[in-house]
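S.K.: What would the 3D arrangement of this be:
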Amino acid sequence: WKGSGSAIPEPLAWMRSMERRDEETFLTALWRNLRFPEDWHLLHLPPGHTFNVPSMDNARFAADKARYRIKQAAAMADARAAKMKEHWYKQSSIIARDKAAFTFGVMLLLFTQYVASCQMAWLCTWYAGFLATLYAVRYWIYHQEKQHYFLLEFCYILNFLLIFHVFLYPNSRLLYQVCFALSTGPVTFAILAWRNSMVFHSLDRLTTVAVHAFPPLVVYILRWFPQEATSGELDPGDSISWFRAIILPLLVYVYWQLCFYLKTQVVDFSRLQGDKNLWTSARWLSSQGGGVIKKVVNARGPTERKVNHTLMGVQLLYTFLTLLPVPLLYMSRAAHTIYLLFFACVCIHNGASFYFTSFARNYLEQVKRRARTEVAEVDASSQMADADKPTSPKQPAGITSPKHAAGFSPKTPAGTTSPKPPAGSSKASINGNKTPTGAAGGKVHSPFGAPTGGA
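M.R.: Have a look, this model is predicted:
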């Protein structure tokens, strides 16, 4: 019909988007639509012209071939993914990623220091953008690990409250003083309580440090350099009342605690009970944690509601005690500076302890373990090569290969040496295909038993 210039008949509309280059696909579709001779007139063939319609066997063969190509493409994609995964967990890749992450973490610290000291007007924007990015990444990771309820903890809510203040109500002294008390009190003390560590190559630890250290830094700049940071919009005043320093922040904390309790024990109670792999701070501390806090939260019984009630009381007492030094810190710049430097030293010391004790020990252990694994793989490949040799005529009847003989273990032939591991095996990758314990993405438990993600 194309030769005659006439339009394609409507019953053959299925052929409009068909590409004639793929003959098998075209013939298969043709067979499905013109399977009976009485339909062939729809082709409008010239007189005397014949057209061979494929048989059912040819159509089935074409369909099978198409399915085979799909499976072959899927297998090739899986092979490429496996190759990429193998490359991702190679020794050189792991070391390169850790080096890049370490460099990136140090550069972030230096840039934050530059903004806080030289470009204070950028501080709030940098703080909001940096925290939003880290929070989004952490939500994606924690949601996969079913730990996203940790993101409802008070330290994250305080960060959102502080961002709300600096962008929407920057001239509110009341809101600033509440954020100052909560940031300087319970959130700063969380660095010591949960053993936050400055580990630059670990995204998880870097995020935890940022969540706990950025609010005290921001309120410090806003308190002592309001003109440079806010262009005079905020007037923090020279003093703070006990009501705004302790009572009002404590009421804000109690409000969050009640909302969190309703969320986990009323709204999502059935969901949490149906999936024991969903983690909350109370569930983690009562089962996976360790130390004194585990004994305290389980003192009234192991049931989840009792654990939550006990933990609420402990956290309320902790918040009240950490709010007590706030009036002094608000009125004395020297005391406030020494206070923040102390917790910065604690965070850096925890990071140094990780690098020189836990990380170094685990690194050597993983290298030795990987070296033993590679030696075992070489020995196994040597045994398989020996098993593929022709069967000795003196072999007992019924045994076709040395690998089938009971108790048979191939020995090294005389005059040869035993196989050695390949050069560089002592520098094998850490943990085979995983990062070492405590490396990026790992969780660190404090002496109180809580993960680094919770506050």
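S.K.: Could I get the contacting residues of Phe111?
M.R.: Residues in contact with Phe111 (Cβ atoms under 8 Å, 6 or more residues apart in numbering) are Trp126. (Glycine included, C-beta is placed from N, CA and C.)
S.K.: my bad, Arg305
M.R.: Contacts of Arg305 by Cβ under 8 Å, 6+ apart are Gln265.
S.K.: Export only the CA atoms of the host helix or strand of it, formatted as CSV.
M.R.: Using DSSP states H and E, Arg305 falls within helix 304-323. Provided in CSV are the C-alpha atoms of helix 304-323 (Å, rounded to 0.1, in the frame of the first residue of the first chain):
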residue,chain,number,x,y,z
GLU,A,304,8.3,-0.9,76.3
ARG,A,305,5.8,1.5,78.0
LYS,A,306,7.6,1.2,81.4
VAL,A,307,10.9,1.7,79.6
ASN,A,308,9.6,4.9,77.9
HIS,A,309,8.2,6.2,81.2
THR,A,310,11.5,5.7,83.0
LEU,A,311,13.5,7.2,80.1
MET,A,312,11.3,10.3,80.1
GLY,A,313,12.0,10.9,83.7
VAL,A,314,15.8,10.4,83.2
GLN,A,315,15.8,12.8,80.2
LEU,A,316,13.8,15.4,82.1
LEU,A,317,16.2,15.3,85.0
TYR,A,318,19.2,15.5,82.6
THR,A,319,17.7,18.5,80.8
PHE,A,320,17.0,20.4,84.1
LEU,A,321,20.6,19.8,85.3
THR,A,322,22.2,20.9,82.1
LEU,A,323,20.1,24.1,82.0
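S.K.: what comes up buried for that helix?
M.R.: The neighbour-count check on helix 304-323 (16 or more other Cβ atoms under 10 Å) flags 304, 306-312, 314-315, 318-320, 322-323 as buried.
S.K.: Among those residues, name the least confidently predicted one.
M.R.: Least confident entry in those, by pLDDT: Glu304, with 81.
S.K.: Trp279 is in contact with that one, correct?
M.R.: No: the pair Glu304 and Trp279 does not pass the contact test of Cβ atoms under 8 Å, sitting 12.0 Å apart.
S.K.: So which elements touch the biggest helix by length in the chain?
M.R.: Identified as the longest helix of the chain according to DSSP state H is helix 56-88. Identification of packing neighbours for helix 56-88 by 3 or more Cβ pairs under 8 Å, 6 or more residues apart in numbering; DSSP states H and E yields helix 23-33.
S.K.: pLDDT of the helix it packs on, averaged?
M.R.: The average pLDDT within helix 23-33 is 58.
S.K.: same deal with stretch 198-216?
M.R.: What stretch 198-216 shows for mean pLDDT is 93.
S.K.: Please export the C-alpha coordinates of it as CSV.
M.R.: Provided in CSV are the C-alpha atoms of stretch 198-216 (Å, rounded to 0.1, in the frame of the first residue of the first chain):
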residue,chain,number,x,y,z
MET,A,198,35.4,14.1,65.4
VAL,A,199,36.0,11.4,62.8
PHE,A,200,36.3,13.2,59.5
HIS,A,201,36.0,10.2,57.2
SER,A,202,32.8,8.9,58.8
LEU,A,203,29.6,10.6,57.5
ASP,A,204,27.6,9.2,60.4
ARG,A,205,29.9,10.7,63.1
LEU,A,206,30.4,13.9,61.2
THR,A,207,26.6,14.4,61.0
THR,A,208,26.2,13.6,64.7
VAL,A,209,28.8,16.2,65.6
ALA,A,210,27.3,18.8,63.4
VAL,A,211,23.8,18.3,64.9
HIS,A,212,25.2,18.8,68.4
ALA,A,213,27.9,21.4,67.8
PHE,A,214,26.4,23.7,65.3
PRO,A,215,23.6,25.1,67.5
PRO,A,216,26.0,26.1,70.3
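S.K.: mind checking how far Ala62 is from Leu317?
M.R.: According to Cβ to Cβ, to the nearest Å, Ala62 and Leu317 sit 75 Å apart.
S.K.: Put the alpha carbons of stretch 279-298 into CSV.
M.R.: Listed in CSV are the C-alpha atoms of stretch 279-298, where the atom choice follows Å, rounded to 0.1, in the frame of the first residue of the first chain:
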residue,chain,number,x,y,z
TRP,A,279,14.2,1.3,66.4
THR,A,280,13.5,4.1,68.8
SER,A,281,15.8,5.5,71.5
ALA,A,282,13.9,3.7,74.2
ARG,A,283,14.0,0.4,72.4
TRP,A,284,17.7,0.7,71.6
LEU,A,285,18.8,1.6,75.1
SER,A,286,16.7,-1.1,76.7
SER,A,287,17.9,-3.9,74.4
GLN,A,288,21.0,-3.0,72.4
GLY,A,289,22.6,-0.5,74.7
GLY,A,290,24.8,-1.2,77.7
GLY,A,291,26.2,0.4,80.8
VAL,A,292,24.3,2.2,83.6
ILE,A,293,21.6,3.7,81.5
LYS,A,294,20.4,0.2,80.4
LYS,A,295,20.0,-0.9,84.0
VAL,A,296,18.2,2.3,84.8
VAL,A,297,15.6,2.2,82.0
ASN,A,298,14.9,-1.4,82.7
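S.K.: Strands along the stretch 201-350 of the chain, start to end?
M.R.: Assigned strands in the stretch 201-350 of the chain: none (criterion: DSSP state E, counting those that start in this stretch).
S.K.: List the residue ranges of it that fall below the pLDDT cut-off.
M.R.: Counting by pLDDT under 70, the ranges of the stretch 201-350 of the chain that qualify are 288-291.
S.K.: how about Asn350, what does it touch?
M.R.: Arg195, Asn196, Ser197, Met198.
S.K.: want to throw the residues you listed into CSV with secondary structure and distance to Lys146?
M.R.: Below are the contacts of Asn350 laid out as CSV (DSSP: H, G, I helix; E, B strand; the rest coil; distance: Cβ to Cβ, whole Å):
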residue, secondary structure, distance to Lys146
Arg195, coil, 23
Asn196, coil, 23
Ser197, coil, 24
Met198, coil, 28
